[in-house]
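In: Return a 3D structure for these sequence lines:
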Amino acid sequence: MTTKTLYDKIVDLHTIEKLSADGIERLVYIDRTVVNEYTSPQAFSLLRENGLKVWRPWATLGTVDHVNSSAPDRTEFPAEENACTQVKYLIKNGSDFGFEVLNNGNPKQGIEHVVMVERGKVLPGMQIGAGDSHTAMYGALGAVAYGIGTSDIYHYLATSTLRYKKLKNMRVRVTGARGKAVTAKDIILFIVKKLGAGGCTGHCVEFCGPVISDLSVEERLTLCNMAVECAARSSIIAPDQKVFDYLEGREFAPKGETWSKAVEFWKTLKSDEEALFDKEVEIDITGLEPSVTWGTSPDQNCTISESIPDPVSITDPKIRADYERALAYMGLEAGQKIKGLPIAHAFIGSCTNSRIEDLRAAAEVLRGKKLAPGVKAFVVPGSTQVRAQAEKEGIDKIFKDAGWEWRNSGCSLCLAMNGDILGAGDRCISATNRNFEGRQGVQTRTHLASPAMVAIASVKGFIADVREE
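Out: Numbers count the residues shown, from 1 in each chain. Take a look at the predicted model:
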């Protein structure tokens, strides 16, 4: 018998037909998807033009998250005309094609990836495609998941299948001692820096090792969410008891005898002992400290004790040029300490770091403290359910007492296309996934960090070490 990786097992289980002699090109079955108001309109228009229906409406979830405001007093529909049109079209699509849509005001509304997980729509062993690159996050639960384009969304909706090019296998084993205040965000930033922005191109990355096993499920979601920042199309972690406990009782998780049978199957979802990977890397996090990005790509980061690197030391001319451009854009100098850099804005939210554990971690830092003079900060829970849970625990009061604005769920300042936007030159420390040029507004400067690091910076007024709070 041929040994297989976990990725190979799941893809093989979902293969309807091999379309090339080498088995790379395939037609695969897709279990579920989620559509938002921003990336799906053209797909539904194509369905209408061709007189087609959504093949399995119950396997599709629609949620409004990209263009809606997160403001405390937001209305059902955005004020901006184009955004309003997109939201109304998604609602119409849900009504016409028979699938659930979660708009503002719905107690289950939220960021698509947060909602899919919290409702139990993502289960181990599934293959999922959705119109957002951070769909890879679902690999934290032992699923193969990846972002797809408009034509693929259309094809999935009509057939529940996709043409798929099989990826290579890469295993990243994470070892070492996890230091004080080192979070999943710090670990994935370190991994992305080690591997490089293109280090996983063409691969599904399987994360394993004692550090990964030690992570909570919500920490694993953060890790897999940002694996795409080193160009991994998919990432995956073998499901374990932590995952089973996390899923049990959720709305769409199996129940009763079906649950027991499901867990029995899920326990088989792991790479065979002798499975061969196309690429293997071991990363030791011993000595890793809380980290923050200094540049305009997630791999351009350093620990809080380090200085910003000097491009002169970079031998690769392309990377050197990238570093030089990033320094100029960010208004920084080589050799400058990242610690102590003044910030004007702080943000916690996005599909990366907006779950209840993230809010608890930030609240623990903020308890009894106040925002530094001149700093504006707001927090956007990942879903309305996360928001309600946080309010039940009194977390909202801690944020409000510290001077933070407590907002509604949505993508918000992660991509600044919904009214939440910063001005040119504004410097923001952000618990999001991307720090690209203009990501939070034209000419804005974004520093990625963990929720706890964002929280401490907000009360200090500069990028600080959360271990010294």
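In: how about residue 125, phi and psi?
Out: Main-chain torsions, residue 125, degrees, to the nearest 10: phi 90, psi -10.
In: check contacts around it.
Out: If you count contacts by Cβ atoms under 8 Å, 6 or more residues apart in numbering, residue 125 has them with 10, 13, 142-143, 265-266, 269. All C-beta atoms are positioned from the backbone trio N, CA, C, and that covers glycine.
In: redo that, cut-off 10 Å
Out: Going by Cβ atoms under 10 Å, 6 or more residues apart in numbering, residue 125 touches 6, 9-10, 13-14, 31, 141-144, 239, 262, 265-266, 268-269.
In: Residue 439 too?
Out: Here residue 439 is in contact with 296, 413-416, 422, 428, 430, 432-433, 445-446, 448 (Cβ under 10 Å, 6+ apart).
In: Dump the residues you listed into CSV; add pLDDT and secondary structure as well.
Out: Listed next are the contacts of residue 439 as CSV, based on pLDDT from 0 to 100; DSSP: H, G, I helix; E, B strand; the rest coil:
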residue, pLDDT, secondary structure
296, 98, coil
413, 97, helix
414, 96, helix
415, 92, coil
416, 90, coil
422, 97, coil
428, 98, strand
430, 98, strand
432, 98, coil
433, 97, coil
445, 98, strand
446, 98, strand
448, 98, strand
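In: packing partners for the biggest helix by length in the chain?
Out: When the chain is parsed with DSSP state H, its longest helix is helix 81-97. Helix 81-97 sits against strand 33-36, helix 41-49, strand 60-63, strand 100-102, with contacts defined as 3 or more Cβ pairs under 10 Å, 6 or more residues apart in numbering; DSSP states H and E.
In: Dump those into JSON lines; add mean pLDDT as well.
Out: Converted to JSON lines, the helices and strands packed on helix 81-97 look like this (pLDDT from 0 to 100):
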{"stretch": "strand 33-36", "mean pLDDT": "98"}
{"stretch": "helix 41-49", "mean pLDDT": "97"}
{"stretch": "strand 60-63", "mean pLDDT": "98"}
{"stretch": "strand 100-102", "mean pLDDT": "98"}
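In: rewinding a little: could I get the average pLDDT for the longest helix of the chain?
Out: The average of the pLDDT scores along helix 81-97 is 97.
In: got it, and stretch 383-401?
Out: 98.
In: ends of that stretch, how far apart?
Out: End-to-end span of stretch 383-401 (Cα to Cα, to the nearest Å): 22 Å.
In: ok so, going back, could you export the helices and strands packed on helix 81-97 as a markdown table, including distance to residue 152 and mean neighbour count?
Out: As requested, the helices and strands packed on helix 81-97 are exported to a markdown table (distance: least, Cβ to Cβ, whole Å; neighbours: other Cβ atoms under 10 Å):
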| stretch | distance to residue 152 | mean neighbour count |
| --- | --- | --- |
| strand 33-36 | 10 | 26 |
| helix 41-49 | 8 | 16 |
| strand 60-63 | 14 | 25 |
| strand 100-102 | 20 | 20 |
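In: Quick check: phi and psi on residue 281?
Out: phi -140, psi 140.
In: I'd like the helices and strands packed on helix 81-97 laid out as JSON lines, including distance to residue 89.
Out: Listed next are the helices and strands packed on helix 81-97 as JSON lines, based on distance: least, Cβ to Cβ, whole Å:
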{"stretch": "strand 33-36", "distance to residue 89": "11"}
{"stretch": "helix 41-49", "distance to residue 89": "6"}
{"stretch": "strand 60-63", "distance to residue 89": "10"}
{"stretch": "strand 100-102", "distance to residue 89": "10"}
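In: The ones you listed: which one's closest to residue 334?
Out: strand 33-36 (39.7 Å; Cβ to Cβ).
In: isn't residue 195 right next to residue 226, touching?
Out: No - contact criterion Cβ atoms under 10 Å: residue 195 and residue 226 do not qualify, at 11.5 Å.
In: May I ask which helix or strand encompasses residue 192?
Out: Taking DSSP states H and E as the definition, residue 192 sits inside helix 184-195.
In: and that helix, what's its mean pLDDT?
Out: For helix 184-195, the mean per-residue pLDDT is 98.
In: Next: stretch 108-121.
Out: Here the average pLDDT along stretch 108-121 is 98.
In: end-to-end on that stretch?
Out: 13 Å.
In: List the buried residues of that stretch.
Out: 109-121 (16 or more other Cβ atoms under 10 Å).
In: coming back round to it: nearest to residue 332, of the helices and strands packed on helix 81-97?
Out: strand 33-36 (34.2 Å).
In: Common neighbours of residue 195 and residue 226, please.
Out: Any residue near both residue 195 and residue 226 by Cβ under 10 Å, 6+ apart counts here, and that gives residue 232.
In: Settle it for me: which of those two has more neighbours?
Out: Each of residue 195 and residue 226 has its neighbours counted (other Cβ atoms under 10 Å); residue 226 has more, 29 against 22.
In: how about that one, what does it touch?
Out: 134, 136-137, 184-185, 187-189, 191-192, 232, 235, 298, 351-353, 432-434, 448.
In: circling back: among the helices and strands packed on helix 81-97, which comes closest to residue 75?
Out: strand 100-102 (15.7 Å).
In: distance between the helix or strand following that closest one and the chain's centre?
Out: Next helix or strand after strand 100-102 toward the C-terminus (DSSP H and E): helix 112-118. Centre-to-centre, helix 112-118 and its host chain are 10 Å apart (Cα atoms, centre = their mean, to the nearest Å).
In: Kindly report the same for stretch 434-447.
Out: From the chain centre to the centre of stretch 434-447 is a distance of 17 Å (Cα atoms, centre = their mean).
In: Helix, strand or coil: sort out residue 17 for me.
Out: strand (DSSP: H, G, I helix; E, B strand; the rest coil).
In: Ramachandran angles for residue 400?
Out: Main-chain dihedrals, residue 400, degrees, to the nearest 10: phi -60, psi -40.
In: residues contacting it?
Out: With Cβ under 10 Å, 6+ apart, residue 400 has these contacts: 366, 379, 406.
In: hang on, the earlier thing: looking at the contacts of residue 125, which are in strands?
Out: Secondary structure from DSSP state E places residue 144 of the contacts of residue 125 in strands.
In: Just the closest of the contacts of residue 125 to residue 371, please.
Out: Nearest to residue 371 among the contacts of residue 125 is residue 141, at 35.8 Å by Cβ to Cβ.
In: could you check the distance from the closest one over to residue 87?
Out: Look at residue 141 and residue 87: by Cβ to Cβ, to the nearest Å, they are 29 Å apart.
In: what's the answer for residue 322, then?
Out: According to Cβ to Cβ, residue 322 stands 37 Å off from residue 87.
In: Neighbour count: the two, which is higher?
Out: Counted by other Cβ under 10 Å, residue 322 and residue 87 do not tie: residue 87 has more neighbours, with 23 against 19.
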